[in-house]
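**Q** test case, fold it:
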Amino acid sequence: MIIKNVSFIGLGVMGYPMAGHLNKNGYNVTVFNRTESKAKKWVEEHGGQMKKTPAEACFNSEIVFMCVGRDDDIREVMEGDNGILSSAKEGLIIVDHTTASAEIARNYFEKLKKLNIAFLDAPISGGQAGAENGVLSIMIGGKKKDFEIVKPVLESYGKAIELIGPSGSGQIAKMINQICIAGLVQGLSEGMAFGKKANVDMEKVLSVISKGAAQSWQMENRYRTMLDGKFNYGFAVDWMRKDLSICFKEAKKNGAILPITEIVDQFYEEVQKNGGNRFDTSSLMTLVDK
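**A** I've put the predicted structure just below:
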């Protein structure tokens, strides 16, 4: 199946460059964004076209990608006034890059199956830099036949693209990702604050331990800004707490115990109370580097 016409709904920090990569790779891209000026800017920069409603943006597309904020935003884009489903045709594939609940993914998968419309939950990881450089990790839940159709298109901005399992599995994988990040960033923050207190050369320390067992993406990409006390380089604390709340709800359903994640979430709450709502997740450093 040759895909030519695609839509992208939601031109935020991640969606804006992702849609741009689709255009650069030769797809006919139509965009929609709630803030219309953002869509106009995207068209001026990349070409393609914009529409004023999700329904109009998706009318002639074979695949619709969306990257919005929360479960409620997905519902609004899908079923609100002039939502995607008001113009969706049989055979359409909807790829949802939003970090949301597994429940909403499963609900839409079942609902749309009756309309002969495919739904893949496909949350992403890699941050703004990953989106801009086209090297995101994409974890997907849904049917294999639909995955195989969209995978070549996803390669426009994805480096690691994996079908995890049935509907909802992509969102579960993203929850695991966020749980791992939460504990890792806290450990990194404590380690670097400890090193600073001990008056060792942290540049030298990091150059060594980043090549050993302590190595991580966070260490490689955030250590310098963390040492400098700068926290405007990525995923915001507000969004991390939203994601962790999804993890906790799912944990109640499956019986998982997340003691460290709960503690780190409380630390992020403290960062918010200190005015760091829009700081990136490495701002846990502010609580230990005093």
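
**Q** wait, isn't G168 in contact with L120?
**A** No: at 10.7 Å, G168 does not count as touching L120 under the criterion of C-beta atoms under 8 Å. The way it works is simple: take the backbone N, C-alpha and C, and place the C-beta from them, glycine included.

**Q** how about residues contacting stretch 237-254?
**A** 69-70, 99-102, 171-172, 174-175, 178-179, 182, 256-258, 261-262, 264-265, 268-269, 271-272, 276-281, 283 (C-beta atoms under 8 Å, 6 or more residues apart in numbering).

**Q** same thing but 6 Å
**A** In this structure, residues lying in contact with stretch 237-254 by C-beta atoms under 6 Å, 6 or more residues apart in numbering are 99, 101, 175, 178-179, 258, 265, 268, 271-272, 276-277, 279, 281.

**Q** can you give the distance from it to the centre of its chain?
**A** How far stretch 237-254 lies from its chain's middle: 14 Å, per C-alpha atoms, centre = their mean, to the nearest Å.

**Q** again with stretch 209-228
**A** On C-alpha atoms, centre = their mean, the centre of stretch 209-228 falls 21 Å from the chain's centre.

**Q** could you do stretch 184-193 as well?
**A** Centroid separation for stretch 184-193 versus its chain: 23 Å, with C-alpha atoms, centre = their mean.

**Q** what residues of that stretch count as buried?
**A** Along stretch 184-193, these residues count as buried under the neighbour rule (16 or more other C-beta atoms under 10 Å): L184, V185, Q186, G187, L188, S189, G191, M192, A193.

**Q** isn't V6 right up against V64?
**A** No: with contact defined as C-beta atoms under 6 Å, V6 does not count as touching V64 (7.2 Å).

**Q** can you list residues touching both of those two?
**A** What both V6 and V64 touch, as defined by C-beta under 6 Å, 6+ apart, is an empty set.

**Q** now, which of the buried residues of stretch 184-193 sits nearest G15?
**A** Relative to G15, the closest of the buried residues of stretch 184-193 is V185; by C-beta to C-beta it sits at 24.1 Å.

**Q** what's the following helix or strand after the strand ranked longest in the chain?
**A** Across the chain, the strand with the greatest residue count (assigned by DSSP state E) is strand 158-165. Once the chain leaves strand 158-165, the next helix or strand it forms, by DSSP states H and E, is helix 169-197.

**Q** summarise which helices and strands that next one is packed against.
**A** helix 102-113, strand 136-141, helix 217-227, helix 237-254, helix 259-273, helix 285-288 (3 or more C-beta pairs under 6 Å, 6 or more residues apart in numbering; DSSP states H and E).

**Q** next one: the closest residue to N177 other than its chain neighbours from G170, what distance?
**A** In space, and not counting its chain neighbours, N177 is closest to S125: 5.2 Å by C-beta to C-beta, 6 or more residues apart in numbering. In this view, S125 and G170 are 11 Å apart by C-beta to C-beta, to the nearest Å.

**Q** give me the more crowded residue out of the two.
**A** Of the pair S125 and G170, G170 is the one with more neighbours under other C-beta atoms under 10 Å, namely 31 against 18.

**Q** for that one, what are its contacts?
**A** Applying C-beta under 6 Å, 6+ apart, the residues near G170 are D121, A122, P123, M139, I140, G141, I164.

**Q** just the buried subset of those, written out for PyMOL, thanks.
**A** Provided next is the PyMOL selection string for whichever of the contacts of G170 are buried by 16+ other C-beta under 10 Å:
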select buried, resi 121+122+123+139+140+141+164
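
**Q** I'm done for today, thanks for sticking with me.
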